[in-house]
Structures are given as structure tokens and as C-alpha cells.
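Novice: Next one to model:
(one chain, ligands or ions: 1)
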Amino acid sequence: MSGVIRSAVTGIGGYLPENVVTNADLARTVDTSDEWIQERTGIRQRHKAPHEQLTSDLAVEASKRALAAAGRTAAEVDLIVVATTTPDLTFPATASIVQRKLGVPVCPAFDVQAVCSGFVYALSVADGFVARGHARCALVIGAEEMTRLLDYEDRTTCVLFGDGAGAVVLEPVEGQGTTADRGLLGFALRCDGTKTDLLYVDGGPAQTGSVGHLRMLGNQVFKHAVINIAEAVEAAAAKAGVEVSDVDWFIPHQANQRILQGVANRLKIDEAKVISTVAEHANTSAASIPLALWQGVEDGRIKRGDLLLMEAMGGGLTWGACTLRL
Ligand code: UT7
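Specialist: Residues are numbered from 1 along each chain as shown. Predicted structure coming up:
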């Protein structure tokens, strides 16, 4: 009997801008302290891209590493999906610019906008192409320059975010339709548009004609995060036909160490199974999951065949989770 086609992650890459901004650096100009930031968020530092380095540049570097890890070249790529909330320009899509800079031949290329949940959404979109035979070598990228959206007069938000990019190569593999299959196994995607005012940017082409600044009612978002993420994690595990306790590694969106702990406690997940990069990267929105995945693979913790569960929550409010066997 022929099996089912799954979308397998065959290469992972990440890129962080060179410039590091520590909490102490911020405390020189913002009314905050290293102690407050570490205690409330777990963040110690973030990377910040210089003016001339664009979101597409971060995406290109991460993609080159992902392609090299997969043993693929730009010439073989036949789909690009970029999850970003900080595009180089209002249009064209950052995916188009990445395609040009990487030298990828004509193919479908577009952006997905679901803020911090963007990478999980983008994976599900790309899965639709790969698992149906419409793409054989897809690049799925989370790339963000969140520091471009910050109001450094607002200490409740400007200490939380950083810049970076992560990318994966998705390729079709034949599976047997079981939980032992390699590839994307189950998704749960959610949005509650009644809560747009909890986390948003106060500018945009239609409403203000400007880029705007990030605004967040942090403690309200926090309250929604733990409960809603846990529900989505359980739903994504159920879609895949696995138990949360079967999962080898949890790769959460990196907003706040206390959220990571809260979700782990709620789901009775051993914290040693949770990949955390929030101390070094801060919140890089759609880039944070592929960056954490890259880090876990690079340092040898995450191995081929492991069962992974990724989850995120962000502006929209959007949230979601995805089960993957590497
Ligand atoms: O990626 C998208 C999802 N985003 C998130 O998940 C973020 C979710 N929210 C959070 O991570 C947390 O709510 C924050 C880290 C944003 C804030 O932590 P909190 O424990 O909820 O603090 P709070 O907002 O209740 O503020 C507590 C106090 C306030 O002072 P008062 O009113 O108690 O005197 C703030 O003014 O901390 C003060 N504060 C600060 N103090 C020093 C807020 N920001 C700072 C700061 N430095 N940077």
C-alpha cells in the first residue's frame, strides 16, 4: 500500500544580527533595570539590526544556512513563505525580495502576517503545498526586526523585543500515516479578533500612513497566553494522534520565561524538555520558534526522529501549535 505524503523539515537555519543590546545598555536611557527585566521576563539581552540591514537580509542568511543543512541550493527552491510583521516595505512581500536576493527561480512567494504566531501559520500554509505535491523544496521563514516598531519612551514594551530570523526547508517524504512518520503531523490555529486592542501597532498604510509603534497591555496578554496556548498544544497533539507526554521537545514562542513555565506547568511538561532562548534573543516574534529550533539542533539536544511540539501566541490575538517529527 502506498503511504501518505508528509512535509518533512530537512534543514534548519538561523541568523541573529551581530549587535547585542544588554539590559544594562537599555537601562542607561530607559527607566528600567536589569533586575526588573530578568525577574519579570527572563530576558538578559537582545540582538538589534543596524539601519542598513533589512528583515529580508536576516531572512536570506537564515535561509542559506537552512538550505546548506538540507543539502539543497537556491535553484531548487520552488516556494517561499515568509512570516513577518516587519516587512522591508509595505509591498512587495518580503518573500519576493528574499527570492531575488537568494537567486531563487520564478515560483510562488508571499508573506504571512499572524504576528508572533506567524511561523506556525506559515508552516501550515506551506504544508498545504508540499503535502499536495505542489512544492518539492519549500523555504518557510520567520524574520523580524521588532526593534523598528519600539517606542523607547514606553518601558513596558521596549525592553521585550529583538531582531532575528529562522528558516526551515520543507520537502515531501512518504509516510505510512502513523505517528512514527517523519514530518508535520498536526496543527491547531486560532484567532480571536475581539482582542486586537491588547497588542497592536498604532500605525499602518490605511489608518495613519505611518509605521507606528508597538502597544501592548502586557498583563492582559499574559493571562490569555497560558490558558489558550495549553488548549492549542493539546489540540495539535490530538490532531497528530499523540499525547503531550509523548513529545520529546517543546519549542515555544519566546515572549517571557514565566509564560514558558506557566504553559509547561499547566500541561505537566518537564521544564528540561522546553527549549528556551528568551534570555539571549528576547521576543523575536515570528522568528523565535525557528531560532529556538535551530539552537536546539545546533547544540545537539534535538535529533532526527524526535517528536516536537511548537506553540505561539501574538497580536490578533492569534495563537497556535504544531506537532512535527523531525
Ligand atoms: O509575543 C506576544 C505575546 N506577548 C507576551 O506574551 C507578553 C505578555 N506579557 C508579559 O510578558 C508581561 O506582562 C510583561 C513582562 C509585559 C510585564 O510583566 P508584569 O508582571 O505583567 O508587569 P505589569 O505590567 O503588571 O507591571 C508591573 C510594574 C508596574 O509598576 P506599578 O504600576 O506596579 O508601579 C510597571 O510600571 O512594573 C512596572 N514596569 C517596569 N518597571 C521597570 C513595567 N515595565 C517596566 C520596566 N522596568 N521595563
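
Novice: What are the buried residues along the helix of greatest length in the chain?
Specialist: Ranked by residue count and defined by DSSP state H, the top helix of the chain is helix 218-240. By 16 or more other Cβ atoms under 10 Å, the buried positions in helix 218-240 come out as 218, 221-222, 224-226, 228-230, 232-237, 240. Heads up, the C-betas are built off the backbone N, CA and C, glycines and all.

Novice: which outside residues touch stretch 235-243?
Specialist: For stretch 235-243, contacts defined as Cβ atoms under 8 Å, 6 or more residues apart in numbering pick out 178-179, 185-188, 244, 246-247, 307, 309, 311, 320-323.

Novice: Using ChimeraX, define a selection of the buried residues within those residues.
Specialist: Filtering the contacts of stretch 235-243 down to the buried ones (16+ other Cβ under 10 Å) takes a single ChimeraX command:
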select :179,185,186,187,188,244,247,307,309,311,320,321,322,323
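
Novice: returning to that earlier point: per-residue confidence averaged over the longest helix of the chain?
Specialist: Averaging pLDDT along helix 218-240 gives 95.

Novice: likewise stretch 44-57?
Specialist: Regarding stretch 44-57, the rounded mean pLDDT is 98.

Novice: How about stretch 127-134?
Specialist: 97.

Novice: Stretch 162-174 now?
Specialist: Mean pLDDT, computed over stretch 162-174, is 98.

Novice: List the buried residues of that stretch.
Specialist: Of the residues in stretch 162-174, 162-173 count as buried by neighbour count, 16+ other Cβ under 10 Å.

Novice: Sort out which one of those lies nearest G209 for me.
Specialist: Each of those was checked against G209 using Cβ to Cβ; the closest is D163, at 24.6 Å.

Novice: before we move on, the earlier item: can you tell me which of the buried residues of helix 218-240 are up against the ligand?
Specialist: 218, 221-222, 225 (Cβ under 6 Å from any ligand atom).

Novice: So the closest residue to A69 other than its chain neighbours: helix, strand or coil?
Specialist: Spatial nearest neighbour of A69, chain neighbours left out: G11 (3.6 Å); criterion: Cβ to Cβ, 6 or more residues apart in numbering. The three-state label given to G11 by DSSP: H, G, I helix; E, B strand; the rest coil is strand.

Novice: which residues does G11 contact?
Specialist: Contacts of G11 (Cβ under 8 Å, 6+ apart): 65-72, 168-169.

Novice: and the closest residue to L309 other than its chain neighbours, what does it touch?
Specialist: Nearest residue to L309 in three dimensions, chain neighbours excluded: V247, at 4.6 Å (Cβ to Cβ, 6+ apart). By Cβ under 8 Å, 6+ apart, V247 lies in contact with 237, 269, 273, 307-309, 323.

Novice: so how far is stretch 146-161 off the chain centroid?
Specialist: 19 Å (Cα atoms, centre = their mean, to the nearest Å).

Novice: ugh, wrong one, stretch 187-204
Specialist: 16 Å.

Novice: any idea what sits nearest the residue of the chain found nearest the ligand, other than its immediate chain neighbours?
Specialist: Proximity of the chain to the ligand (Cβ to the nearest ligand atom) peaks at G218, 2.7 Å away. The shortest distance from G218 to any non-neighbouring residue, by Cβ to Cβ, 6+ apart, is to T156 (5.9 Å).

Novice: neighbours around the one you found, how many?
Specialist: Counted with other Cβ atoms under 10 Å, residues neighbouring T156 total 13.

Novice: any idea how far it lies from P252?
Specialist: Per Cβ to Cβ, to the nearest Å, T156 is found 22 Å from P252.

Novice: number of nearby residues for I302?
Specialist: I302, neighbours per other Cβ under 10 Å, totals 21.

Novice: How about P252?
Specialist: Neighbour number of P252 under other Cβ under 10 Å is 28.

Novice: got it, and R301?
Specialist: Other residues lying near R301 total 14 when counted by other Cβ under 10 Å.

Novice: List the contacts of the spatially closest residue to V130 that is not a sequence neighbour.
Specialist: Of all residues not flanking V130 in the chain, S7 sits nearest, at 3.9 Å (Cβ to Cβ, 6+ apart). For S7, the contact set (Cβ under 8 Å, 6+ apart) comprises 126-127, 130-131, 138, 170-173, 183-184.

Novice: May I see the buried residues of the host helix or strand of S7?
Specialist: S7 is part of strand 4-15 when elements are defined by DSSP states H and E. By neighbour count on 16+ other Cβ under 10 Å, the buried set for strand 4-15 is 5-15.
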